[in-house]
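In: Structure of the sequence below:
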Amino acid sequence: MDQKRLIIAIAVSLAILLGFEFLVRPHLPQPPPEPAAIATTTNPSADNPAPSGTGAPGAPATAATSAPSPRVIIQAPRVAGSLNLRGASLDDLVLTDYHETIDPKSPLVRLLEPTSQPKPYYIQFGWTAAPGAVLDGTPVKLPDSNTLWTASATTLDPAHPLTLTWPNGQGLTFSILLTIDDHYMFAIDQKVANAAKQPVALYPWSRIRRDYQPETSGYYLLHEGPVGVFGGTLHELGYKGIKSDGAHHDGVGYTETSNGGWLGFTDKYWLTALIPDQQTDVTASARAFMVNGTDGYQTDFISKAPETVAPGATVSTTSRLFAGAKVVSLLDRYEAEYHIPSFDKSVDFGIFYFLTKPIFFALDYLNKVLGNFGLAIMVFTVAVKLLFFPLANKSYKSMSKMKLLAPKMQEVRERFKDDPSKQQGEIMALYRAEKVNPASGCLPMVIQIPVFFCLYKVIFVTIEMRHAPFFGWIHDLSATDPTNIFTLFGLIPWDPMAVAPFLHLGIWPLIMGCTMVLQQRLNPPPPDPTQARLFQLMPIIFTFMLARFPAGLVIYWSWNNLLSVAQQWFIMRRTRLDRPSRALRTARKGA
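Out: I've put the predicted structure just below:
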């Protein structure tokens with residue numbers, strides 16, 4: 001009895017917490033944003049000389065000139081855009097395989113935008129020098145956001161690399177060689193040739209800037225913001241945390257020196273990541289700043305030790321840039337090919353990574369075989385049921401016996417209603433005689449909770465599930481069921497969501513609720529009337545709660561319930577047939 005009360009309490013608490021998180025929290029008024037710290041030209045690491053001039057990674061990037069900016073076209077199989085020769089800024093990139101909505105005529109997903117647009121998001125590469133560094137008695141001139149580079153070609157594509165060059169007038173020639181593959185990976189080779197009469201020490205750096213406050217989904221189950229891996233450890237850095245910590249450190253909200261690693265910005269499905277040479281010691285930083293009164297953020301790398309360029313010599317530094325969709329197979333390939341540590345963890349598989357990623361691989365494989373992720377989910381559910389079949393069988397047998405014992409248990413309660421201790425002892429004796437474990441009925445629900453959670457993560461965060469259709473009205477398994485009973489499934493032209501966020505109840509959530517009711521009727525009813533009423537309310541609570549979940553997850557839950565009902569009905573039927581034969585055998589023994 002106590003175990004049942006505990007299970008009910010846990011289930012109700014979980015329903016309330018999840019309901020608040022997914023239905024109520026997004027509609028609560030948000031506090032006004034706190035003032036962000038202004039990033040200044042500061043040293044990313046106390047061990048390094050302070051950067052000098054606007055070439056530093058923390059320096060302002062907005063061009064002060066109004067001169068026209070020539071561009072180089074970027075054309076690859078999966079991306080298209082252009083590179084601004086003023087400042088060597090990669091600030092225009094769209095993903096040609098993805099549209100903003102399921103409508104194929106909707107705009108392509110835009111990843112990077114120039115500073116002239118409302119949401120500037122761009123990548124730059126440069127050099128900085130120690131304070132006081134001079135050539136022929138004058139400070140070293142470094143390229144900055146106003147520098148106009150010369151391009152070796154008018155187009156960058158996988159077959160034609162691009163070289164940008166700029167002489168500083170002091171004998172140094174800076175160059176950036178860019179290549180791109182057939183997907184989303186750029187290779188960047190930063191070179192400095194020294195024709196001066198004295199050596200110069202420079203620190204190569206790279207940075208990604210978002211000169212605006214990005215919108216996030218707000219779910220605690222999904223990380224969106226600065227992310228990176230240093231020393232083999234994943235660091236998920238929130239925008240609020242960077243801004244808060246940066247307020248006390250000249251805008252630098254996070255910094256760490258590491259051998260290799262990677263750092264960038266992750267959105268739900270998209271990623272920009274800087275990947276330095278994995279054998280080089282670098283200092284990674286995440287910063288907050290203000291641009292024209294707007295919050296902005298930056299992630300950057302700078303070499304821990306300077307590159308000394310001797311007279312007549314050339315030095316180079318190679319790094320990579322990922323800018324595209326977080327396709328799991330592609331991330332795994334890049335991780336293996338370029339030895340990028342834990343690059344696949346840019347997809348937020350969560351703390352159950354060891355279980356979530358195999359589930360993704362299983363669904364992805366089944367989708368390739370069946371041609372439909374919805375069918376893949378259903379076949380996967382059958383496989384999970386088969387895996388736990390012996391355990392579930394034992395549980396359902398116990399539940400069936402409990403239901404058959406219900407009249408005897410009620411008789412014991414009535415006989416010893418004034419003696420609870422005696423009543424409990426008689427009931428336990430009845431359990432032992434019939435070999436029934438009252439707690440085993442919880443096992444089917446308990447064993448599917450981790451699978452349910454991991455499946456939710458897979459459907460919610462992987463781009464492979466984005467805009468994946470099922471059949472009928474489900475055109476996107478990662479989105480909610482678009483139908484709604486409160487509009488009579490489209491017959492009434494009004495928006496119930498404008499009245500209350502929970503007034504969205506589609507066909508599949510209703511199917512799921514019916515399967516829960518059907519499954520509940522096969523279970524032994526709780527003897528306590530209050531518990532019985534709570535159990536009757538659970539299908540209604542879960543129906544409204546899961547109505548806002550991705551349709552793929554609701555389909556999984558509905559199909560899983562139907563399989564459980566079939567399995568439980570079969571076992572109950574066999575249990576009923578077995579009991580008379582056992583009673584007959586007992587009577588024969590007595591005779």
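In: give me every residue that touches the residue positioned nearest the centre of the chain.
Out: By Cα atoms, centre = their mean, the chain has its centre lying nearest to residue 348, at 3.5 Å. Counting by Cβ atoms under 8 Å, 6 or more residues apart in numbering, residue 348 touches 221, 222, 223, 236, 266, 457, 461. Placement of C-beta: from N, CA and C, glycine included.
In: And for residue 338?
Out: When contacts are counted by Cβ under 8 Å, 6+ apart, residue 338 touches 275, 278, 320.
In: Tell me which of those has the lowest pLDDT.
Out: Within the contacts of residue 338, residue 278 has the lowest pLDDT, namely 93.
In: Go ahead and confirm that residue touches residue 260.
Out: Yes - shown here, residue 278 and residue 260 form a contact pair, counting by Cβ atoms under 8 Å, at 3.4 Å.
In: nearest residue to residue 314 other than its sequence neighbours?
Out: residue 193 (4.4 Å; Cβ to Cβ, 6 or more residues apart in numbering).
In: these two touch, right, that neighbour and residue 173?
Out: Yes - with contact defined as Cβ under 8 Å, residue 193 counts as touching residue 173 (4.5 Å).
In: still on that earlier bit, go through the contacts of residue 348 and flag which are in strands.
Out: Those of the contacts of residue 348 mapping onto strands are 236, 266, per DSSP state E.
In: ok, of the contacts of residue 348, which come out buried?
Out: 222, 223, 266, 457, 461 (16 or more other Cβ atoms under 10 Å).
In: Averaged over its residues, which helix or strand of this structure has the lowest pLDDT?
Out: None of the helices or strands of the chain scores lower by mean pLDDT, DSSP states H and E than helix 2-19, at a mean of 47.
In: Adjacent strands (with direction) for the helix or strand that the residue nearest to residue 314 is a member of?
Out: Using DSSP states H and E, residue 193 falls within strand 185-194. Using DSSP bridges, strand 185-194 pairs in its sheet with strand 172-180 (antiparallel), strand 314-325 (antiparallel).
In: got a list of contacts for that strand?
Out: So strand 185-194 is in contact with 90, 125, 127, 171-180, 200, 202, 204, 206, 307, 309-323, 334, going by Cβ under 8 Å, 6+ apart.
In: Can I get that strand as CSV, trimmed to CA atoms?
Out: The C-alpha coordinates for strand 185-194 follow below in CSV (Å, rounded to 0.1, in the frame of the first residue of the first chain):
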residue,chain,number,x,y,z
MET,A,185,34.0,22.2,-42.9
PHE,A,186,36.4,25.1,-43.8
ALA,A,187,40.1,24.8,-43.5
ILE,A,188,42.0,28.1,-42.7
ASP,A,189,45.8,28.5,-43.2
GLN,A,190,47.0,31.8,-41.7
LYS,A,191,50.4,32.9,-43.0
VAL,A,192,52.8,35.7,-42.3
ALA,A,193,55.8,36.4,-44.6
ASN,A,194,58.5,38.7,-43.2
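In: Show me how far it is from its chain's centre.
Out: 32 Å (Cα atoms, centre = their mean, to the nearest Å).
In: Could you do stretch 329-338 as well?
Out: 18 Å.
In: May I have it exported as PDB, CA atoms only?
Out: Taking C-alpha atoms only, stretch 329-338 is exported to PDB below (Å, rounded to 0.1, in the frame of the first residue of the first chain):
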ATOM      1  CA  SER A 329      27.100  11.000 -39.000                       C
ATOM      2  CA  LEU A 330      29.000  14.000 -40.400                       C
ATOM      3  CA  LEU A 331      30.100  15.100 -36.900                       C
ATOM      4  CA  ASP A 332      31.300  11.600 -36.200                       C
ATOM      5  CA  ARG A 333      33.200  11.500 -39.500                       C
ATOM      6  CA  TYR A 334      34.900  14.900 -38.700                       C
ATOM      7  CA  GLU A 335      35.800  13.700 -35.200                       C
ATOM      8  CA  ALA A 336      37.600  10.600 -36.500                       C
ATOM      9  CA  GLU A 337      39.200  12.300 -39.500                       C
ATOM     10  CA  TYR A 338      40.500  15.400 -37.800                       C
END
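In: buried stuff in that stretch?
Out: Within stretch 329-338, the residues that count as buried by 16+ other Cβ under 10 Å are 330, 331, 334, 335, 338.
In: Please enumerate the helices of the stretch 351-500 of the chain.
Out: Assigned by DSSP state H, counting those that start in this stretch, the helices in the stretch 351-500 of the chain fall at 353-370, 373-387, 389-415, 420-434, 443-461.
In: lowest-confidence stretch among these?
Out: Of all the helices of the stretch 351-500 of the chain, mean pLDDT reaches its minimum on helix 389-415 (a mean of 72).
In: In CSV: the strands paired with strand 185-194, plus mean neighbour count.
Out: Compiled in CSV, those are given as follows (neighbours: other Cβ atoms under 10 Å):
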stretch, mean neighbour count
strand 172-180, 20
strand 314-325, 20
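In: export the ones you listed to TSV and tack on distance to residue 292?
Out: Putting these into TSV (distance: least, Cβ to Cβ, whole Å) gives the following:
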stretch	distance to residue 292
strand 172-180	28
strand 314-325	25
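In: wait, which of the helices of the stretch 351-500 of the chain is closest to residue 534?
Out: Counting by Cβ to Cβ, residue 534 lies closest to helix 443-461 out of the helices of the stretch 351-500 of the chain; the figure is 14.8 Å.
In: So which of residue 278 and residue 260 has more stuff around it?
Out: Shown here are residue 278 and residue 260; by other Cβ atoms under 10 Å, residue 260 has more neighbours (20 against 17).
In: Enumerate every residue touching that one.
Out: 276, 277, 278, 279, 280, 282, 341.
In: okay, the closest residue to the last one other than its chain neighbours: pLDDT?
Out: Going back to what we said before, that points to residue 341. Counting by Cβ to Cβ, 6+ apart, residue 341 lies nearest to residue 229, which is 5.0 Å off, once chain neighbours are set aside. With respect to pLDDT, residue 229 has a value of 95.
In: for residue 229, which residues make a bridge with it?
Out: Counting by DSSP bridges, residue 229 is bridged to residue 234, residue 262.
In: average model confidence for stretch 181-198?
Out: Per-residue scores along stretch 181-198 average to 96.
In: if you go through the stretch 201-350 of the chain in chain order, where are the helices?
Out: 239-246, 328-338.
In: Just give me the closest of the buried residues of stretch 329-338 to residue 505.
Out: Using Cβ to Cβ, residue 331 comes nearest to residue 505 of those, at 36.8 Å.
In: pretty sure that closest one is in contact with residue 346, am I right?
Out: Yes - the pair residue 331 and residue 346 qualifies as a contact (Cβ under 8 Å) at a distance of 6.4 Å.
In: List the residues that are in contact with both of residue 278 and residue 260.
Out: Counting by Cβ under 8 Å, 6+ apart, the shared contacts of residue 278 and residue 260 are residue 341.
In: and the contacts of residue 338 as a markdown table, adding distance to residue 296?
Out: Below are the contacts of residue 338 laid out as a markdown table (distance: Cβ to Cβ, whole Å):
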| residue | distance to residue 296 |
| --- | --- |
| 275 | 23 |
| 278 | 29 |
| 320 | 24 |
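In: In JSON lines, list the contacts of residue 348 along with distance to residue 395.
Out: Listed next are the contacts of residue 348 as JSON lines, based on distance: Cβ to Cβ, whole Å:
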{"residue": "221", "distance to residue 395": "29"}
{"residue": "222", "distance to residue 395": "33"}
{"residue": "223", "distance to residue 395": "36"}
{"residue": "236", "distance to residue 395": "38"}
{"residue": "266", "distance to residue 395": "40"}
{"residue": "457", "distance to residue 395": "26"}
{"residue": "461", "distance to residue 395": "31"}
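In: What is the nearest of the contacts of residue 348 to residue 286?
Out: Comparing the contacts of residue 348 against residue 286 with Cβ to Cβ places residue 236 closest, at 11.0 Å.
In: residue contacts, the closest one?
Out: Counted by Cβ under 8 Å, 6+ apart, residue 236 has contacts 223, 225, 226, 227, 348.
In: Determine which two of these are furthest apart.
Out: Using Cβ to Cβ, the two most remote members of those are 226 and 348, lying 13.3 Å apart.
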